[in-house]
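> my questions are about this predicted structure, shown below with the sequence.
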Amino acid sequence: MRVVALVDDLMDRSRITAALGPVEFAREADGCHDADVVVVDLGRHAADVAAVRAVAPGSVVVAFGSHVDDAALQAASEAGADHAVPRSRFFHEPGRYLTR
């Protein structure tokens, strides 16, 4: 399974890698082509969710963001994220979101 993450924060990157195993990190949506799962940090890449869906239409898109930013979570869902969850929920059980 190819997992690509649009995540810039180094601490988040290490937590994702520890939980999910090998993960590729991209800086933009074009790097997500052919991914099975794409993880998107809405704090930095909220505008990229639709582009990720366009370049990786068959992937599971998991977006995480602030628990108080309902608008960003809703926008991610509307842009094509399969899961748009608060970051605390994502990091509590990241493997849960690898499938639709």
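Nice, thanks for sending it over.

> could you list the low-pLDDT ranges of the protein?
Judged by pLDDT under 70, the chain has no weakly predicted residues.

> against P94, how distant is the residue of it most remote from its centre?
Largest separation from the mean C-alpha position in the chain: V68, at 17.7 Å (C-alpha atoms, centre = their mean). According to C-beta to C-beta, to the nearest Å, V68 and P94 sit 20 Å apart. Every C-beta, even on glycine, is put in place using the N, C-alpha and C of the backbone.

> next, the residue farthest from the centre of the chain: secondary structure please.
Under DSSP: H, G, I helix; E, B strand; the rest coil, the three-state class of V68 is coil.

> can you give me the helices in this protein?
All helices of the chain, identified by DSSP state H, fall at 10-20, 42-45, 49-55, 70-78, 87-92.

> out of those helices, which gets nearest to L98?
helix 10-20 (7.5 Å; C-beta to C-beta).

> could you dump that closest one to PDB, C-alpha only?
Written as PDB, here are the backbone C-alpha positions of helix 10-20 (Å, rounded to 0.1, in the frame of the first residue of the first chain):
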ATOM      1  CA  LEU A  10       8.200  17.100  11.500                       C
ATOM      2  CA  MET A  11       6.500  15.900  14.700                       C
ATOM      3  CA  ASP A  12       3.400  14.900  12.800                       C
ATOM      4  CA  ARG A  13       5.500  13.200  10.200                       C
ATOM      5  CA  SER A  14       7.200  11.100  12.700                       C
ATOM      6  CA  ARG A  15       3.900  10.200  14.400                       C
ATOM      7  CA  ILE A  16       2.300   9.200  11.100                       C
ATOM      8  CA  THR A  17       5.300   7.100  10.100                       C
ATOM      9  CA  ALA A  18       5.400   5.300  13.500                       C
ATOM     10  CA  ALA A  19       1.700   4.500  13.200                       C
ATOM     11  CA  LEU A  20       1.400   3.600   9.500                       C
END
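
> return the list of helices and strands in contact with that helix.
strand 3-6, helix 87-92 (3 or more C-beta pairs under 8 Å, 6 or more residues apart in numbering; DSSP states H and E).
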